[in-house]
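Asks: no sequence on this one, just coordinates:
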């Protein structure tokens, strides 16, 4: 809840005062089931930008044209897009573009958080606003932002201030990395426990069971290719990057580095990521699973398919479905090298998060570094240590009669 007794706060930015008033009345009437909604209206973009820095809004209804601006027509029509970009930097909230020139912002549309509604289509404005409010994203953003700000304040008070004498003698440029690394580690360990709930459920229940959401960073965090990236090639095949991350690291073009670092690798090593289910659900890209699905369900085929999901197998690693990532099987025996320049053109979907990334690379190292040796029996030693019982020799049912000396001589 944004404030006492208020369920949501909406900012309407439109230079047409009458249109803004009518829109407010329409939304107030049609969305009354959501609770008390507080509306604010601004006629020009500059005032709207100031308002956004001062108050927490759950959604902005934004006109693209700003007639208060006396500049050229092309500039007028572009101000809405410009303001959206500023909103995203100040405080990102869902936006509904309500405009007579929808073509100016159509490429920005990402329902339900960014919607474009033509002013002639009043029937579409109410559901667009409703979906944006019910997404829960603004409330979640406020909780996370508050959590981060509070922890940084406490860190400065409890850690930096008491030890400032020692820290002041060090390189001042190192203080920020210390704070960032400490913040990242703390959030990973404690952040979820600090949030009361998430958008779609109870955080306590989420913590009690493994979640596919914890496996991936979507979209990837780094601007450059890195180890354990999940890629899609032009033929829609999935691949996992195995090349050491240090060989792929590159400084961002905008970084102020005197000698920017570039990738050391010319080729990228990739492991095939087979989709467990084909698009129609009737088969599998994984040979082991496909053999099971297409066979008479023999025990041999079953054991091969089960290998895919074992955590101690040296060949396979399974990855769960999440968002754009399907259920996948990484096959360490199906590996290829592709030029870095070509791989850069492929689609980067996700990166494995820690500790799943480290576990995947460790598994691959064990797979390629395995040295087979004959099994050596230590049964005798274990019996001496009484870890195993001595095996008794089988006793025949009937002992053969012994021959007399005369019978032996005769033989």
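Replies: Great, that's in hand. Since the structure is predicted, the reported quantities are computational estimates derived from the model, not experimental observations. Numbering: from 1, shown residues only.
Asks: Tell me how far whatever helix or strand residue 18 lives in lies from the chain's centre.
Replies: Using DSSP states H and E, residue 18 maps to helix 17-30. When C-alpha coordinates are averaged (CA atoms, centre = their mean, to the nearest Å), helix 17-30 and its chain have centres 38 Å apart.
Asks: Does anything pack onto that helix? Which helices or strands?
Replies: Helix 17-30 is packed against strand 8-13, strand 37-42, helix 122-134, with contacts defined by 3 or more CB pairs under 8 Å, 6 or more residues apart in numbering; DSSP states H and E. Placement of C-beta: from N, CA and C, glycine included.
Asks: Most tightly packed of these?
Replies: Using mean count of other CB atoms under 10 Å, the stretch among the helices and strands packed on helix 17-30 with the largest mean neighbour count is strand 8-13, at a mean of 24.
Asks: what helices or strands is it leaning on?
Replies: helix 17-30, strand 37-42, helix 45-54, strand 59-62, helix 122-134.
Asks: Lowest mean pLDDT across the ones you listed, which one is that?
Replies: Lowest mean pLDDT of these: helix 45-54, a mean of 85.
Asks: for it, which positions count as buried?
Replies: 45, 48, 49, 51, 52 (16 or more other CB atoms under 10 Å).
Asks: So for the third one, what's the nearest residue that isn't a sequence neighbour?
Replies: Right, the one you point to is residue 49. Of all residues not flanking residue 49 in the chain, residue 86 sits nearest, at 5.7 Å (CB to CB, 6 or more residues apart in numbering).
Asks: Poorly predicted segments of this structure, please.
Replies: The chain contains residues with pLDDT under 70 at 1-5, 65-80, 172, 192, 195-210, 296, 392-411.
Asks: hmm, 50 instead?
Replies: Counting by pLDDT under 50, the chain has low-confidence residues at 1, 70-74, 197-200, 203-209, 408-409.
Asks: still on that earlier bit, looking at the helices and strands packed on strand 8-13, which is nearest to residue 216?
Replies: Counting by CB to CB, residue 216 lies closest to helix 122-134 out of the helices and strands packed on strand 8-13; the figure is 25.2 Å.
Asks: Tell me the first helix or strand C-terminal of the closest one.
Replies: Next along from helix 122-134, by DSSP H and E: helix 137-155.
Asks: Is the residue lying closest to residue 344 once chain neighbours are set aside in a helix, a strand, or coil?
Replies: In this structure, residue 344 finds its nearest non-sequential neighbour in residue 225, 6.5 Å apart by CB to CB, 6+ apart. Secondary structure state of residue 225, per DSSP: H, G, I helix; E, B strand; the rest coil, is coil.
Asks: related to what we said a few turns ago, any idea how far the residue nearest to residue 49 lies from residue 46?
Replies: Noted for residue 86: a distance of 10 Å to residue 46, by CB to CB, to the nearest Å.
Asks: what residues are up against residue 333?
Replies: Taking CB atoms under 8 Å, 6 or more residues apart in numbering, we find residue 333 in contact with 315, 367.
Asks: What separation is there between it and residue 292?
Replies: 18 Å.
Asks: the domain parsing of this structure - what is it?
Replies: 8-135, 139-209, 214-368 (automatic domain parsing).
Asks: What separation do you get for residue 370 and residue 317?
Replies: Taking CB to CB, one finds residue 370 at 15 Å from residue 317.
Asks: My error: substitute residue 272 in the last question.
Replies: Distance from residue 272 to residue 317, by CB to CB: 12 Å.
Asks: longest strand in the protein, by residue count?
Replies: Secondary structure assigned by DSSP state E gives strand 328-339 as the longest strand of the chain.
Asks: can you list contacts of the helix or strand just after that strand?
Replies: Of the helices and strands lying after strand 328-339 in sequence (DSSP H and E), the nearest is helix 340-343. Under the criterion CB under 8 Å, 6+ apart, residues 225, 231, 241, 248, 263, 265, 266, 267, 268, 270 lie in contact with helix 340-343.
Asks: Over to stretch 162-178?
Replies: residue 160.
Asks: Same check on stretch 147-160?
Replies: Here stretch 147-160 makes contact (CB under 8 Å, 6+ apart) with 167, 175, 179, 182, 183, 186, 187, 191, 194, 195.
Asks: ok, which stretches of the stretch 301-411 of the chain are strands?
Replies: 316-319, 328-339, 347-352 (DSSP state E, counting those that start in this stretch).
Asks: you'd agree residue 187 is in a helix?
Replies: Yes - assigned with three-state DSSP, residue 187 falls within a helix.
Asks: Tally up the residues packed near it, please.
Replies: Residue 187 has 15 neighbours, counted by other CB atoms under 10 Å.
Asks: Could you do residue 216 as well?
Replies: 23.
Asks: so what's it closest to, chain neighbours aside?
Replies: Counting by CB to CB, 6+ apart, the residue nearest residue 216 is residue 350, at 4.2 Å.
Asks: where's residue 379 relative to residue 388, distance?
Replies: Residue 379 is 6 Å from residue 388, by CB to CB.
Asks: Can you tell me the strand partners of the strand or helix carrying residue 231 and which way each runs?
Replies: Element membership of residue 231 [criterion: DSSP H and E] is strand 229-232. Strand 229-232 sits in its sheet next to strand 238-241 (antiparallel), strand 347-352 (antiparallel), going by DSSP bridges.
Asks: Please identify the buried residues of the last one?
Replies: Of the residues in strand 347-352, those buried under the neighbour-count criterion (16+ other CB under 10 Å) are 348, 349, 350, 351, 352.
Asks: Show me the two of these that sit farthest apart.
Replies: 348 and 352 (12.3 Å).
Asks: anything in contact with each of the two?
Replies: residue 230.
Asks: what residues are up against residue 194?
Replies: residue 147.
Asks: Could you rerun that using 10 Å?
Replies: By CB atoms under 10 Å, 6 or more residues apart in numbering, the contact list for residue 194 reads 143, 144, 146, 147, 150, 151, 186, 187, 203.
Asks: Over to residue 57?
Replies: So residue 57 contacts 2, 8-11, 38, 40, 51, 87, 91, 93-94, 138 (CB under 10 Å, 6+ apart).
Asks: among the residues you listed, which two are most distant?
Replies: Those two in the contacts of residue 57 that are separated most widely, counting by CB to CB, are 38 and 87, at 18.2 Å.
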